[in-house]
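A.B. asks: Provided below for reference: sequence and predicted model.
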Amino acid sequence: MKHRILVVEDEEKLRRVVELQLVSAGFEVDQAGSAEEGLKLADRADLILTDLRLPGMDGLELIRAIRRQNASTPIIVITAFGTVESAVEAMKAGAFDFLPKPFSMDHLMAVVHKALEVRLLRDENRKLREEVVRRYSFDNIIGRSPAMQEIFATIERVAPTRATVLIAGESGTGKDLIARAIHYHSPRRDRPFVKINCTAIPENLMESELFGYEKGAFTGAVTSKPGRFELADTGTVFLDEIGDVPPNIQVKLLRVLQEREFERLGSNRTRQIDVRVIAATNADLRAALEHGAFREDLYYRLNVVPINVPPLRERKEDIPALVEHFIRKYAAEFSSPVKGISEEALEVLRRYHWPGNVRELENVIERGLVLCSGEILEAADIKLDTASRNSRSSDESLLPPGMTLEEHERELIRRALEKAKGNKSQAARLLGLSRNALRYRLSQMGLD
């Protein structure tokens with residue numbers, strides 16, 4: 001699409017020369033001999049060239065009038081009276097650049113291209129911001145059930161504040177989406193949102209990752225590095241899987257929440273920080289409290305505003321709306337002809353237990369759109385992973401012959417550690433435990 005440029009100039013010959021140059025460069029051009037005429041054409045222009053000395057309304061008044069209507073259209077001022085004062089006034093009024101007469105056509109074209117590039121970048125930035133807000137609006141957190149409506153109401157109430165939020169729910173229920181929705185509906189929406197997956201960071205690196213380190217703090221620390229909390233200053237920190245944070249780091253997190261301060265690893269300098277903390281867990285933190293794996297004071301500092309996200313099997317009335325959302329999403333992404341789903345296929349989805357929650361449902365619909373050849377998803381297009389669930393349910397209650405419950409638990413932990421090659425975090429995931437819960441069981445059994 002060609003850019004349209006408005007030229008406001010009372011000298012007809014100069015106006016004609018500038019028009020010919022712009023047209024030869026591939027632009028569409030509108031002309032105006034006065035500011036009053038130019039103001040009528042300004043709303044359709046992608047860029048405006050205007051003289052300062054004009055009959056009637058002058059160029060500065062024109063700039064101010066255009067800025068009241070449109071804040072984004074770049075304006076370039078051309079004038080024979082190229083004093084510093086004129087340039088300053090034009091810039092204050094909202095001009096992008098200033099060209100004193102006489103000027104070369106090459107100079108003019110360079111300034112025009114630069115102004116249009118800046119406008120393009122600003123438009124792209126605005127669209128990205130709008131997309132981010134839209135991505136984490138309630139329209140993308142689907143739920144018509146009473147439980148989800150209550151969560152939406154909580155987000156609306158808590159988002160404008162700086163209160164700490166603890167989101168609890170099974171894996172795949174959408175805790176990440178809820179955390180981002182809180183941030184992008186808060187006054188901090190234009191500030192950083194830093195997600196920290198506590199399970200993914202090795203225990204021996206967690207302090208330096210969260211709080212940073214100084215040069216020489218340990219072998220290999222050749223430069224200073226800020227931590228995740230510093231990077232999130234004035235914004236939001238999202239601590240995902242907070243139950244896997246080891247006890248020594250829990251103490252430091254408690255200090256950040258209480259005092260809003262910390263020290264980098266290897267430094268005595270106390271740093272102040274302004275962050276909002278949102279935490280999430282799929283573990284039972286109350287059980288971790290009883291086992292001594294999670295600090296009670298930290299739990300109550302995090303649990304200021306609790307949000308409990310129900311599993312999909314407890315809100316199956318949301319399945320049709322979720323399916324409709326995912327069909328729209330992936331039909332557009334894959335250029336798929338699929339427009340809907342049959343009642344038989346929906347019934348298959350309603351009967352399923354959904355151990356993977358909404359994430360599993362999204363994967364099922366994505367796979368269905370890939371396999372479907374028509375416009376409607378049928379029951380045959382729905383492929384559910386029922387094999388692993390059936391195998392688990394066939395022998396779920398009996399212990400191996402000759403083994404006590406304690407011996408069986410010890411053997412399971414040993415096998416998990418062997419399979420994980422000694423990695424406690426990975427072994428904990430294989431057992432369905434948090435890392436702290438596994439550490440507690442090992443200490444109770446006297447195992448290293």
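C.D. replies: All right, it came through fine.
A.B. asks: What count of nearby residues applies to residue 191?
C.D. replies: 17 (other CB atoms under 10 Å). Using the backbone N, CA and C atoms, a C-beta is placed for each residue, glycine as well.
A.B. asks: measure it to residue 276 for me?
C.D. replies: As judged by CB to CB, to the nearest Å, residue 191 and residue 276 stand 9 Å apart.
A.B. asks: Mind listing the shared neighbours of the two?
C.D. replies: Common neighbours of residue 191 and residue 276 (criterion: CB atoms under 8 Å, 6 or more residues apart in numbering): 235, 236.
A.B. asks: chain center to the longest helix anywhere in the chain: distance?
C.D. replies: Taking DSSP state H as the criterion, the chain has its longest helix at helix 105-135. Helix 105-135 has its C-alpha centroid displaced from the chain centroid by 22 Å (CA atoms, centre = their mean, to the nearest Å).
A.B. asks: and whatever helix or strand comes next after that helix, what's its mean pLDDT?
C.D. replies: The helix or strand immediately downstream of helix 105-135 is helix 146-158, counting by DSSP states H and E. The average of the pLDDT scores along helix 146-158 is 91.
A.B. asks: CA atoms of the very next helix or strand once past helix 146-158 as CSV?
C.D. replies: Of the helices and strands lying after helix 146-158 in sequence (DSSP H and E), the nearest is strand 165-168. The C-alpha trace of strand 165-168 is given here as CSV (Å, rounded to 0.1, in the frame of the first residue of the first chain):
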residue,chain,number,x,y,z
VAL,A,165,-1.4,-13.4,44.8
LEU,A,166,-1.0,-17.2,45.3
ILE,A,167,-2.5,-19.2,42.4
ALA,A,168,-3.1,-22.9,43.2
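A.B. asks: low pLDDT regions in the stretch 101-250 of the chain?
C.D. replies: For the stretch 101-250 of the chain, the stretches with pLDDT under 70 are 129-139.
A.B. asks: An error on my part: the question was meant for the stretch 251-400 of the chain.
C.D. replies: Ranges of the stretch 251-400 of the chain meeting pLDDT under 70: 386-400.
A.B. asks: which stretches of the stretch 301-448 of the chain form helices?
C.D. replies: 319-334, 343-351, 357-371, 387-394, 405-419, 424-431, 435-445 (DSSP state H, counting those that start in this stretch).
A.B. asks: Out of those, the one nearest residue 218 is which?
C.D. replies: Taking CB to CB, helix 424-431 is the member of these nearest to residue 218, at 20.9 Å.
A.B. asks: how far is the closest one from where the chain is centred?
C.D. replies: Put simply, helix 424-431 sits 28 Å off its chain's centre (CA atoms, centre = their mean).
A.B. asks: Ok, stretch 360-377 next?
C.D. replies: 26 Å.
A.B. asks: that older thread, quick one: the helices of the stretch 301-448 of the chain as JSON lines, columns for distance to residue 219 too.
C.D. replies: Below are the helices of the stretch 301-448 of the chain laid out as JSON lines (distance: least, CB to CB, whole Å):
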{"stretch": "helix 319-334", "distance to residue 219": "46"}
{"stretch": "helix 343-351", "distance to residue 219": "54"}
{"stretch": "helix 357-371", "distance to residue 219": "40"}
{"stretch": "helix 387-394", "distance to residue 219": "44"}
{"stretch": "helix 405-419", "distance to residue 219": "28"}
{"stretch": "helix 424-431", "distance to residue 219": "23"}
{"stretch": "helix 435-445", "distance to residue 219": "25"}
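A.B. asks: Tell me which of those approaches residue 36 most closely.
C.D. replies: Comparing the helices of the stretch 301-448 of the chain under CB to CB, the one sitting nearest is helix 319-334, at 45.9 Å.
A.B. asks: Off-centre distance for that closest one?
C.D. replies: Worked out by CA atoms, centre = their mean, helix 319-334 lies 20 Å from the chain centre.
A.B. asks: contact partners of that helix?
C.D. replies: Contacts for helix 319-334 (CB under 8 Å, 6+ apart): 140, 142-144, 312, 336-341, 346, 349-350, 358, 361-362, 365-366, 369-370, 377.
A.B. asks: ok, residue 226 - contacts?
C.D. replies: Applying CB under 8 Å, 6+ apart, the residues contacting residue 226 are 212, 264.
A.B. asks: at 7 Å what do you get?
C.D. replies: Applying CB atoms under 7 Å, 6 or more residues apart in numbering, one finds that residue 226 lies in contact with residue 212.
A.B. asks: residues near residue 289, how many?
C.D. replies: Counted with other CB under 10 Å, residue 289 comes out at 15.
A.B. asks: Actually, residue 331.
C.D. replies: 18.
A.B. asks: Tell me how far it lies from residue 309.
C.D. replies: Remark: distance between residue 331 and residue 309 (CB to CB) = 27 Å.
A.B. asks: try residue 292
C.D. replies: With distances taken as CB to CB, residue 292 is found 26 Å from residue 309.
A.B. asks: So between those two, which is more surrounded?
C.D. replies: The neighbour count for residue 292 versus residue 309, taken as other CB under 10 Å, is higher for residue 309 (25 against 12).
A.B. asks: from what I can see the more buried one touches residue 176, true?
C.D. replies: No - contact criterion CB atoms under 7 Å: residue 309 and residue 176 do not qualify, at 10.6 Å.
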